[in-house]
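>>> could you look at this predicted model? Sequence included:
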Amino acid sequence: MLCPVSGGTPLPIPGLTGHYASAQWSEDSKSVYVFRLGQAPAAVEKVDIDSGRATVWKNLTPPDVAGMAVRAVAMTPDAKYYAYSCQQYLTTLYLVEGVSSWRRQTLWSRLTGGRR
């Protein structure tokens, strides 16, 4: 959304739907650099605020993309320098064998004896 500093109704940027985060305005203030939160690799797009036309400026790919999500992008208005940060989500999966049911008994099934 573009929010006028002097007040007024916020205006959507054409073509931007979903969960985008802004990284920087372009030098001429006619475009904004955006990326989708939580993706790796993450495409940073330069979006024209009048037409909504988007072009990929750079794909940010961390060295290890397993469980990785790009959380923030910072860059200079001339797009010569940039930095980004990531968060890695790692989990452990355990295999349990010999269990007759994976479902936990609920209060309702205990009260009714499992009848529906």
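Thanks, I have it. Please read these numbers as outputs of a predicted model, since none were measured by experiment.

>>> shaky segments in this structure?
100-105, 114-116 (pLDDT under 70).

>>> show me where it has its strands.
All strands of the chain, identified by DSSP state E, fall at 20-25, 31-36, 42-48, 54-60, 68-75, 82-88.

>>> what residues sit buried inside the longest one?
Under the neighbour-count criterion of 16 or more other CB atoms under 10 Å, strand 68-75 has 68-70, 73, 75 buried. No exception for glycine: its C-beta is placed from N, CA and C like everyone else's.

>>> the most centrally placed residue in the chain and residue 108, how far apart?
Per CA atoms, centre = their mean, the C-alpha nearest to the average position across the chain is that of residue 37, at 1.6 Å. Per CB to CB, to the nearest Å, residue 37 is found 38 Å from residue 108.

>>> okay, stretch 54-74 in PDB with CA atoms only?
The C-alpha coordinates for stretch 54-74 follow below in PDB (Å, rounded to 0.1, in the frame of the first residue of the first chain):
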ATOM      1  CA  ALA A  54       7.700  -6.400 -12.000                       C
ATOM      2  CA  THR A  55      11.100  -7.500 -13.100                       C
ATOM      3  CA  VAL A  56      13.400  -9.800 -11.100                       C
ATOM      4  CA  TRP A  57      16.400  -7.800  -9.900                       C
ATOM      5  CA  LYS A  58      18.200 -10.600  -8.100                       C
ATOM      6  CA  ASN A  59      17.600 -14.100  -6.800                       C
ATOM      7  CA  LEU A  60      19.000 -14.400  -3.200                       C
ATOM      8  CA  THR A  61      20.200 -17.900  -2.600                       C
ATOM      9  CA  PRO A  62      21.700 -18.800   0.800                       C
ATOM     10  CA  PRO A  63      24.500 -21.400   0.700                       C
ATOM     11  CA  ASP A  64      22.200 -24.000   2.300                       C
ATOM     12  CA  VAL A  65      18.500 -23.700   1.500                       C
ATOM     13  CA  ALA A  66      17.300 -26.600   3.700                       C
ATOM     14  CA  GLY A  67      14.700 -25.200   6.100                       C
ATOM     15  CA  MET A  68      15.900 -21.600   5.200                       C
ATOM     16  CA  ALA A  69      13.700 -18.500   4.900                       C
ATOM     17  CA  VAL A  70      14.800 -15.000   3.800                       C
ATOM     18  CA  ARG A  71      13.600 -12.700   6.500                       C
ATOM     19  CA  ALA A  72      15.000  -9.200   5.600                       C
ATOM     20  CA  VAL A  73      16.600  -7.500   2.700                       C
ATOM     21  CA  ALA A  74      18.400  -4.100   2.900                       C
END
